[in-house]
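Engineer: Below are the sequence and a predicted model for it; my questions follow.
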Amino acid sequence: MGKPTIADLAKAAGVSVTTVSHAFSGRRYVEPETRKRIETLAQEMGYRPNHRAQRLRTGRAGSIALVSSMPFAVAAGPSRLGFLMEIAAAAAVTAFARGISLCLVPPLGPRDRLDALEVDGAIVVEPERDDPVLDFFSSRGTEVVCIGRAPGRDDLPFVDLQSAATAHLLLDHLLAGDGQVGLITGEQRRNSYIEMEAVYAQRMAGSGFTPRAIRIDEQGGEEAAAIAAESLLRANPSISALCVPVDAFATGVLNAARATGRQIPHDLRIATRYDGMRAKLATPPLTAVDLHLGEVAGAAVNLLLARLEQVNVEPSDLSPPGLILRPSSMISCDTI
């Protein structure tokens, strides 16, 4: 018996040849149940689509890019395994299941070597205001989906990182203790920083505290955070807790606490946003938030492919962020 053809697979699945073609190419929308049935039958029958022929017919590259302007100092962690890498791994799995390859573009700098990219679309992670990465793709007419809202760009579709909800979650926890809560965010104007700062200002006003917030250039990473946090703590001895969304900054704050003689969590409680390797391997381990990045990445890939197929999709119903308590902020009444 010869190799099964696309017609054989279509007959077995009870659909048209065109539907089978669209299920593998991603060129048009196919119901998820139908797509799954086709993929299962293809595996059972030993059918393999000819992706090279599909690309020649459609004129598409068959690949999408994942890119961010965040520097490695904050986007990656130990051994380059961090926020951006976790999103990339999950996005690659979803893209591969749809017959699409994913190209991870490292944080290079404005337009640096991007001209060599040949992709059908791009997922931009946490863009900043006036982000050069967005400008680059706009100039090429490339379809873009963002993870996190792009400040000042209401025209761009995005998957919500639920930054305001995350801010309330962290501040609910830190405000449960005694004393002043401070905030350290990045100078770059990313939506997660903007929403965190807005929620912090609101919560401080409601609690009767004077805001103690500073911003740090992302390029400085952990070292810059340690220097800035030490100055903040020496100038404000009433600060008993710090909300530090960037995990690289949070590990710098741990060094600042040691330099100022603050014991954690007795004299200073610290919580960060991303539950990555930095948070888990820190001494002491850092309280963080489960952002469900696997869900977020998968939703972004599906949204981008839907836009490339020119079909409408309902917004993904993502799990709410969840607080993961660790010794950096736990007080006697806390439980894990």
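Structural biologist: Done, it's in.

Engineer: from here on, contacts and neighbour counts on C-alpha atoms
Structural biologist: OK.

Engineer: Flag the shaky bits of the chain, pLDDT-wise.
Structural biologist: 1-2, 25-28, 49-61, 76-81, 108-116, 332-336 (pLDDT under 70).

Engineer: As a check, name the ranges of all helices in it.
Structural biologist: Under the criterion DSSP state H, the chain contains helices at 6-13, 17-25, 32-45, 51-58, 72-75, 83-97, 132-140, 163-174, 191-207, 221-235, 247-259, 277-281, 293-309.

Engineer: Would you mind reformatting these (as TSV) and adding columns for distance to Cys103 while you're at it?
Structural biologist: Below are those laid out as TSV (distance: least, CA to CA, whole Å):
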stretch	distance to Cys103
helix 6-13	28
helix 17-25	17
helix 32-45	23
helix 51-58	17
helix 72-75	16
helix 83-97	8
helix 132-140	15
helix 163-174	26
helix 191-207	24
helix 221-235	25
helix 247-259	25
helix 277-281	23
helix 293-309	12
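
Engineer: Output the ones you listed in JSON lines, with mean neighbour count and distance to Ala150 appended to each entry.
Structural biologist: Putting those into JSON lines (neighbours: other CA atoms under 10 Å; distance: least, CA to CA, whole Å) gives the following:
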{"stretch": "helix 6-13", "mean neighbour count": "17", "distance to Ala150": "41"}
{"stretch": "helix 17-25", "mean neighbour count": "19", "distance to Ala150": "29"}
{"stretch": "helix 32-45", "mean neighbour count": "15", "distance to Ala150": "29"}
{"stretch": "helix 51-58", "mean neighbour count": "12", "distance to Ala150": "30"}
{"stretch": "helix 72-75", "mean neighbour count": "20", "distance to Ala150": "17"}
{"stretch": "helix 83-97", "mean neighbour count": "19", "distance to Ala150": "17"}
{"stretch": "helix 132-140", "mean neighbour count": "15", "distance to Ala150": "9"}
{"stretch": "helix 163-174", "mean neighbour count": "20", "distance to Ala150": "13"}
{"stretch": "helix 191-207", "mean neighbour count": "18", "distance to Ala150": "7"}
{"stretch": "helix 221-235", "mean neighbour count": "20", "distance to Ala150": "22"}
{"stretch": "helix 247-259", "mean neighbour count": "23", "distance to Ala150": "21"}
{"stretch": "helix 277-281", "mean neighbour count": "18", "distance to Ala150": "26"}
{"stretch": "helix 293-309", "mean neighbour count": "22", "distance to Ala150": "14"}
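
Engineer: Val125 is nearest to which of those helices?
Structural biologist: helix 83-97 (7.7 Å; CA to CA).

Engineer: got the angle for the closest one vs helix 293-309?
Structural biologist: Put simply, helix 83-97 runs at 50 degrees to helix 293-309, going by axes from the mean of the first three to the mean of the last three CA atoms, to 10 degrees.

Engineer: ok, now how distant is the closest residue to Leu318 other than its chain neighbours from Leu156?
Structural biologist: Leaving out its chain neighbours, the residue that sits closest to Leu318 by CA to CA, 6 or more residues apart in numbering is Glu295, at 6.6 Å. According to CA to CA, to the nearest Å, Glu295 and Leu156 sit 20 Å apart.
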